[in-house]
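> kindly generate the corresponding structure for this input.
(one chain, ligands or ions: 2)
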Amino acid sequence: MRVLLIGSGGREHALAWKIAASPLLTKLYAAPGNPGIGREAELVTLDIADHAAVARFCKEKKIDLVVVGPEGPLVAGIADDLRAAGIRVFGPSRAAARLEGSKGFTKDLCAKYDIPTAAYGRFGDLASARAYVEQMGAPIVIKADGLAAGKGVTVAMTLAEALAALDACFDGSFGQAGAEVVVEEFLVGEEASFFCLCDGVTALPFGTAQDHKRVGDGDVGPNTGGMGAYSPAPVMTPEMIDRTMREIIEPTMRGMAELGAPFCGVLFAGLMITGEGPKLIEYNTRFGDPECQVLMMRLKDDLLVLLNASADGQLAHTSVRWRDEAALTVVMASRGYPGTPEKGSVIRGVEDAAGDGVEIFHAGTAINSGALVANGGRVLDVTAVGGTVGEAQRRAYAALDRIDWPQGFCRRDIGWQAVAREQAR
Ligand code: AMP
Ligand code: GLY
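Ligands and ions are numbered 1, 2, ... in the order given. Have a look, this model is predicted:
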């Protein structure tokens, strides 16, 4: 098979690494990719926003499957345009990607299909949003409706914070994404990420993970795209997975089909496991980053077989096997992240740090005069497997400590909840 992978982060490096291991693969291209992905794929320069150009490339290179990593191109309708040109795609249509692209859309779907989620209101103007927030009181959660690169959510512990967040949305801080606002009840519980491969009809459970969104040890400081993750998530017991499928995922699949937007691709449910059971915090319509990295380390099966089954509507006849081991990834970020990261600092020792059961996925890296340099906020994902989360954690940090990059930083406590659980046993 000839495959084109779209994206350039650690998620896409992990996908490229796993796709490259498939006996079905004859050629892998990645656009734009990064230096790590460049070890697995031929990197190509394509304007991803120009769907006609991407389709031309696919025709010319006889691409059998396009795998779309990030949400941006999906929300912009790349899957629709490629399918219209007769090209097979792993990823949802623009209409189905509204599950990620519009928080209000998803909340309305939940209301219509009785899917457990936080109580909410949708507002298009400041005055009515303020009135609702004042009536509900704090803690309360304020969300810009559209895509805001993970920065559109404020979990406000005080009324003042909540009102300031509303002002920011309606001031245009998030551009069009903040023109409409969702205000939500504050949920209490443990968060988990749950993934399903979907083919429009069938949703196949595809692993669990927990990530660490805050920048600092002990889960403090500003939100990031994720500073580390581990899989599996201990809270996602077989019973909890069954409930999540029945109460959240299956009604979503039915609802999307009824709306004429059947969901194909990977559905990533951000869950809060509350005293009453699983509740949906949000959907993403792509793999998590860095959750994908730990899933790929644990996946026993051929990823291309699974992506094909999803693209061809064959998931009802497909199963997935996982390694028994846990996997854990630690993100190394460039100083300044999640604000403005420093770019261009030289990173040494990456090749030597990887090894048995340890993979170092590249995210924001580049090559400058032959040297590997930082080229973004999240730069490397040091990922290890182990018999327990604790063992995976020790191996990941041992590898990370061999990397020579003074301008980089990481959290030192990735996996702490799971490790504490293991130690209490
Ligand atoms: P989101 O971008 O929707 O994933 O939100 C970012 C983070 O905000 C989530 O991972 C949660 O930690 C938190 N969050 C979002 N919605 C709620 C909620 N209704 N109650 C409590 N925490 C929330
Ligand atoms: N790590 C969270 C996300 O990919 O949205």
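
> for ligand 2, what are the nearby residues on this protein?
Residues of the chain lying close to ligand 2 by C-beta under 6 Å from any ligand atom are D211, G225, G226, N284, G288, D289, E291. Yep, even glycine has a C-beta here, placed from its N, CA and C like the rest.

> partners of N284 in the sheet?
Here N284 sits in beta bridges with F268, going by DSSP bridges.

> just to revisit the earlier point, so which of the residues of the chain next to ligand 2 are in strands?
D211, N284 (DSSP state E).

> among the residues of the chain next to ligand 2, which are in helices?
Judged by DSSP state H, helices contain the following of those: E291.

> quick one, which of the residues of the chain next to ligand 2 has the minimum pLDDT?
Taking the residues of the chain next to ligand 2 together, the minimum pLDDT is found at G225 (91).

> what's the closest of the residues of the chain next to ligand 2 to A96?
Nearest to A96 out of the residues of the chain next to ligand 2 is N284 (C-beta to C-beta; 12.1 Å).

> surely the closest one meets R98?
No. Using C-beta atoms under 8 Å, N284 is not in contact with R98; the gap is 11.9 Å.

> where along the stretch 201-350 of the chain do the strands fall?
Listed in chain order, the strands of the stretch 201-350 of the chain (DSSP state E, counting those that start in this stretch) span 203-211, 214-216, 220-223, 228-231, 264-274, 277-284, 326-334.

> now tabulate the residues of the chain next to ligand 2 in CSV and tack on neighbour count.
As requested, the residues of the chain next to ligand 2 are exported to CSV (neighbours: other C-beta atoms under 10 Å):
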residue, neighbour count
D211, 25
G225, 22
G226, 25
N284, 21
G288, 22
D289, 27
E291, 27
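
> need the residues of the chain next to ligand 2 in JSON lines (columns: distance to ligand 1).
Formatted as JSON lines, these follow (distance: C-beta to the nearest ligand atom, whole Å):
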{"residue": "D211", "distance to ligand 1": "8"}
{"residue": "G225", "distance to ligand 1": "10"}
{"residue": "G226", "distance to ligand 1": "9"}
{"residue": "N284", "distance to ligand 1": "8"}
{"residue": "G288", "distance to ligand 1": "10"}
{"residue": "D289", "distance to ligand 1": "13"}
{"residue": "E291", "distance to ligand 1": "12"}
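
> L271 and E191 touch, don't they?
Yes. Using C-beta under 8 Å, L271 is in contact with E191, at 6.8 Å.

> quick one, which of the two is more surrounded?
L271 (27 against 17; other C-beta atoms under 10 Å).

> which ones are touching that one?
E191, A192, S193, F194, T244, I248, P278, K279, L280, I281 (C-beta atoms under 8 Å, 6 or more residues apart in numbering).

> ok, the residue nearest to the fourth one when sequence neighbours are not counted - how many residues close by?
Think F194. Nearest-residue entry for F194: A269, 4.6 Å, with adjacent residues in sequence omitted and distances by C-beta to C-beta, 6 or more residues apart in numbering. For A269, the tally of surrounding residues (other C-beta under 10 Å) stands at 23.

> would G104 count as being in a strand?
No. Read with DSSP: H, G, I helix; E, B strand; the rest coil, G104 is helix and lies in no strand.

> ok, now how distant is it from ligand 1?
Between G104 and ligand 1 the distance, using C-beta to the nearest ligand atom, to the nearest Å, works out to 12 Å.

> circling back: ranking the strands of the stretch 201-350 of the chain by burial, who's on top?
Greatest average neighbour count among those goes to strand 228-231 (a mean of 30), per mean count of other C-beta atoms under 10 Å.

> output it as CSV, nothing but the C-alphas.
Extracted in CSV, the C-alpha atoms of strand 228-231 (Å, rounded to 0.1, in the frame of the first residue of the first chain):
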residue,chain,number,x,y,z
GLY,A,228,2.8,13.4,29.0
ALA,A,229,0.4,10.5,29.0
TYR,A,230,0.2,6.8,29.9
SER,A,231,-1.9,3.9,28.8
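
> touching ligand 1 at all, that strand?
No. Applying C-beta under 6 Å from any ligand atom, one finds strand 228-231 separated from ligand 1 by no less than 12.2 Å.

> now the helix or strand containing E191: mean pLDDT?
If you go by DSSP states H and E, E191 is part of strand 190-199. Throughout strand 190-199, pLDDT has a mean value of 97.

> show me what that strand is packed against.
Here strand 190-199 touches strand 203-211, strand 264-274, helix 291-298, helix 303-311, going by 3 or more C-beta pairs under 8 Å, 6 or more residues apart in numbering; DSSP states H and E.
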